[in-house]
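*Asks:* below is the structure, and that's it, no one-letter string:
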């Protein structure tokens, strides 16, 4: 029997855009966010703080502090602590970003009782051993030396220094001497201000999350008083930067890195959902206009993308690519052309429908499984948003008109306001 | 851990695997093609990967693969390794039929013309530059493969031995490659999602059952002769730090000794309590990073140790320290604690790998290609069966200087 390849099979069902949302369980002192889902016997426990690198008391001290949380505690040497965590197959991740710190533990259900106390000990009582600091700084400097030879890193660093005004924590770029200047006392102060003096939000996720919730919540409540809450640094004003086209010559490389950045509104702004769709159309998926133009039509690059990143008070929309040397002028012209085209004419119906279908699929994938759902929850929590954000997101995908998208492009997607950086050879 | 799945081999040789997962609303479709860079002619390398790019150029009834994939809300991509080429698609579960139609047309009736070839040659050349030439140490694997292998096709990287092979690719050679390797009897198709297995098998049969098999059997690959002496390559240049890459020949993925070698690398560098990290990074501060891993190739592969020296550290001294650590493994059994630790870590990783439907589909395909999909569930047992004595025995065979290829990057101010 030969299938009819000429005809697309008909599908009558629609994407399921409903969602499950974590529960809050707890007592008068506080609560834990709980997602008791999944089949595999794995528990994820996470602690979230709404303070990050922008709140560091000394430049880089928060970044080095989180790195040293896995380097031993006051009761266990680094070898003992990592040996025990590794022995039980557990993974602990301590991370810090601009506006958040996170401590995450992945552990098989069978070993939670053995691993959780060690994990909490690392968060509460890190050793901050001076020798460990020296070693970590050396490693960071080495990493810096290697990364700074990359055109992508050079372009991103230069972009940051141009987009953010003087005095903004994101404007300051790190150099080896900055890492070397951080002391153990700085780490302790960063730990006190960012971790100890703030009660974290607690989350548990996995098929046995409920079973462990009360015990873990009790430990967290004993460790932090709910009154401990230091406010994040004041929101920084990020005015529209001065448009620029900057070349960073790196003659030893063979490709040119392109970064073209515009300041956009943050996730809490009513235009955000439409802007997200606009960004995807421009460069957020394989069929995007930039990907079709620069890669599939002209073969100038292996990949080009546009991404929207959101902070508390602003967002950044960045187009990025690594281009064939000698093609950057043409590529820049095409990026400008594609930005302007979105503001000059309505997106045709087939493309409009396609991008919305793609986004509905992505939306479902982003809610598929307990870990993905929990990731979505925490991302919104950090932005001070909740389920209403999801409702608006679905509503936008259902009701958006091409004309609205064009208006968004006219308002926000102006290539003449972009900060453009090219790093590489032949500039 | 018991994985529920159904296996059926269609009359045309297509192997179909279905993993029902009632907890998800997403479907996953994975097609593994039994062709990788090891199947290439030494004068035409990089073709399996170039062909993977061309498979996104449209097909007889579907001019734009991506437009259809996006219109069904799917995310898709592909990758090529030394051993295989893999195409995957995740989508809202109710779109399975469309996904099968899309893949049947692409796999069976791709349209590859000169224009598509010219464009994708340019794209692949930029990929080559981006991955291998545009960053410090980017060429490490090009050099290391060439040093470690003298006969076997693993001596070139998936992207190709040199840019000229891609630049000179002609439509005839590309189409010949397709006709030999892209046929149902050289493919394994797996579906994961909230489906009834029997209905999925029927649907796959309906879409793929008419496609004729090729019957093509690849030529036997040249075997790599046993290495009988250490091979060295020092690369002086403007590098940010001295770097060391050591490669040792080891058994293939399905061979006896593979799991012991994998456990050796766990003992050496998995987690911060591992020997290399604890001794040479944390305690002696010789390296800023140091890793050990296996390539996991189907034919005999490589066990690799690689890292960057800490600032101011002499590369010879650092290399000697690695040799001392390896030497200990050849002469002393690992402790029960180290063995149990590795087993817990592997157990944890295997559980983690089961969380995503696409991973399940991909892993079932891989084990079916390797031996049998049923063996996926036996992985943990394979590791548990390895004793400290077996690890010592394998280390004494593999971690010998005469089995080593050593690539070193020497910054100009360190070069003698």
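*Replies:* Everything's here; your move. Every value quoted in this text rests on a predicted model; they were computed, and no experiment measured them. Numbering: from 1, shown residues only, chains lettered A, B, ... in the order given.
*Asks:* I'd assumed residue B:210 was in contact with residue A:3.
*Replies:* Yes: Residue A:3 sits in contact with residue B:210 when judged by C-beta atoms under 8 Å, with a separation of 6.6 Å. C-beta: built from backbone N, CA, C; applies to glycine.
*Asks:* more crowded one of the two?
*Replies:* More crowded of residue A:3 and residue B:210, by other C-beta atoms under 10 Å in any protein chain shown: residue A:3, with 20 against 15.
*Asks:* grab the nearest non-local neighbour of that one.
*Replies:* The shortest distance from residue A:3 to any non-neighbouring residue, by C-beta to C-beta, 6 or more residues apart in numbering or on different chains, is to residue B:207 (5.0 Å).
*Asks:* would you mark the buried spots in stretch B:142-160?
*Replies:* B:142-149, B:152-160 (16 or more other C-beta atoms under 10 Å in any protein chain shown).
*Asks:* which residues touch the residue of chain A found nearest chain B?
*Replies:* Of all residues in chain A, the one sitting closest to chain B is residue A:361 (2.1 Å; C-beta to the nearest C-beta). Residues in contact with residue A:361 (C-beta atoms under 8 Å, 6 or more residues apart in numbering or on different chains) are A:15, B:72-75, B:91-92.
*Asks:* in terms of residue numbering, what are the domains of the chain?
*Replies:* Picked chain A for this. For chain A, the domain assignment from automatic domain parsing gives the residue ranges A:23-223, A:244-424.
*Asks:* chain B is the one I meant
*Replies:* According to automatic domain parsing, the ranges for chain B are B:6-208, B:231-411.
*Asks:* what is the least confident helix or strand in chain A?
*Replies:* Every helix and strand of chain A was ranked by mean pLDDT, DSSP states H and E. The lowest is strand A:23-27, at a mean of 89.
*Asks:* these two touch, right, residue B:169 and residue B:114?
*Replies:* No: the pair residue B:169 and residue B:114 fails to qualify as a contact (C-beta under 8 Å) at a distance of 11.0 Å.
*Asks:* ranges for the strands of chain A?
*Replies:* A:23-27, A:30-35, A:42-49, A:91-97, A:100-108, A:201-205, A:244-249, A:255-264, A:301-310, A:315-324, A:419-424 (DSSP state E).
*Asks:* mind checking how far the closest residue to residue A:426 other than its chain neighbours is from residue B:129?
*Replies:* Distance criterion C-beta to C-beta, 6+ apart; nearest residue to residue A:426, sequence neighbours excluded, is residue A:325 at 5.2 Å. In this view, residue A:325 and residue B:129 are 8 Å apart by C-beta to C-beta, to the nearest Å.
*Asks:* please say which of the two ends up with more neighbours.
*Replies:* With neighbours defined as other C-beta under 10 Å, residue A:325 and residue B:129 compare such that residue B:129 has more, 22 against 17.
*Asks:* please name the residues that touch the more buried one.
*Replies:* Counting by C-beta under 8 Å, 6+ apart, residue B:129 has contacts A:254-255, A:324.
*Asks:* with residue A:179 instead?
*Replies:* Applying C-beta under 8 Å, 6+ apart, the residues near residue A:179 are A:60, A:64, A:137, A:140-141, A:144.
*Asks:* now with 7 Å?
*Replies:* A:60, A:137, A:140-141 (C-beta atoms under 7 Å, 6 or more residues apart in numbering or on different chains).
*Asks:* in the stretch 101-250 of chain B, which spans are helices?
*Replies:* Assigned by DSSP state H, counting those that start in this stretch, the helices in the stretch 101-250 of chain B fall at B:114-128, B:140-148, B:163-167, B:171-181, B:197-208.
*Asks:* hang on, the earlier thing: mind putting the contacts of residue A:361 into a markdown table with distance to residue B:7 and pLDDT?
*Replies:* A markdown table is the format used below for the contacts of residue A:361 (distance: C-beta to C-beta, whole Å; pLDDT from 0 to 100):
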| residue | distance to residue B:7 | pLDDT |
| --- | --- | --- |
| A:15 | 30 | 91 |
| B:72 | 26 | 96 |
| B:73 | 28 | 96 |
| B:74 | 25 | 97 |
| B:75 | 26 | 96 |
| B:91 | 22 | 98 |
| B:92 | 25 | 98 |
